[in-house]
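Novice: output the structure for:
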Amino acid sequence: MTTFIRFILKYKCENSPYGDLAQDMLVDQELKPTWGYKTTKKYLICKNACDRVMKLLEELREKYKLSK
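Specialist: So this is what the prediction gives:
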C-alpha cells in the first residue's frame, strides 16, 4: 500500500488544485514521502497552511481511503 504522501504525489502532473498541492509537496525538502495523513496534517498546521490547503488535504484523505 502506498503512503498518503505518495498518493498525493500521483497528482503532480495534473492541472488541478490537487496537482498544485502535489507540486508544492514535491519541492518541500522537509516533507517525507513515508508520512501518513496525521503527520502530514500536523506538519501543514505547523507551517500555517491556509484553509484551502487543509480542505484539499481532507478531500485527498477521502480519495486515499477509497483507494485502499
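
Novice: could you pull out the strands for the protein?
Specialist: Taking DSSP state E, the chain contains no strands at all.

Novice: any idea which helix is longest in it?
Specialist: Determined from DSSP state H, the single longest helix within the chain is helix 51-67.

Novice: buried sites along that helix?
Specialist: 53, 56-57, 60-61, 64 (16 or more other C-beta atoms under 10 Å). To be clear about C-beta, it is placed using only N, CA and C from the backbone, and glycine gets the same treatment.

Novice: do the same with stretch 12-32
Specialist: Quick answer for stretch 12-32 (16+ other C-beta under 10 Å): 18, 20-22, 25, 31.

Novice: got a markdown table for those, with distance to Thr3 too?
Specialist: Shown next, in a markdown table, are the buried residues of stretch 12-32 (distance: C-beta to C-beta, whole Å):
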| residue | distance to Thr3 |
| --- | --- |
| Tyr18 | 16 |
| Asp20 | 20 |
| Leu21 | 15 |
| Ala22 | 13 |
| Met25 | 12 |
| Leu31 | 11 |
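
Novice: so where do the helices sit in this protein?
Specialist: 4-9, 17-27, 37-46, 51-67.

Novice: so what touches the shortest one?
Specialist: When contacts are taken as C-beta atoms under 8 Å, 6 or more residues apart in numbering, the neighbours of helix 4-9 outside the stretch itself are 18, 21-22, 25-26, 31-37, 40, 60-61, 63-64, 67.

Novice: repeat that for the second one.
Specialist: Outside helix 17-27, the residues that touch it by C-beta under 8 Å, 6+ apart are 5, 8-14, 31, 52-53, 56-57, 59-60.

Novice: sorry, back to before: closest to Cys46 among the buried residues of stretch 12-32?
Specialist: If you rank the buried residues of stretch 12-32 by distance to Cys46 using C-beta to C-beta, Leu31 comes first, at 11.6 Å.

Novice: how close does that closest one sit to Leu56?
Specialist: Leu31 is 15 Å from Leu56, where distance means C-beta to C-beta, to the nearest Å.
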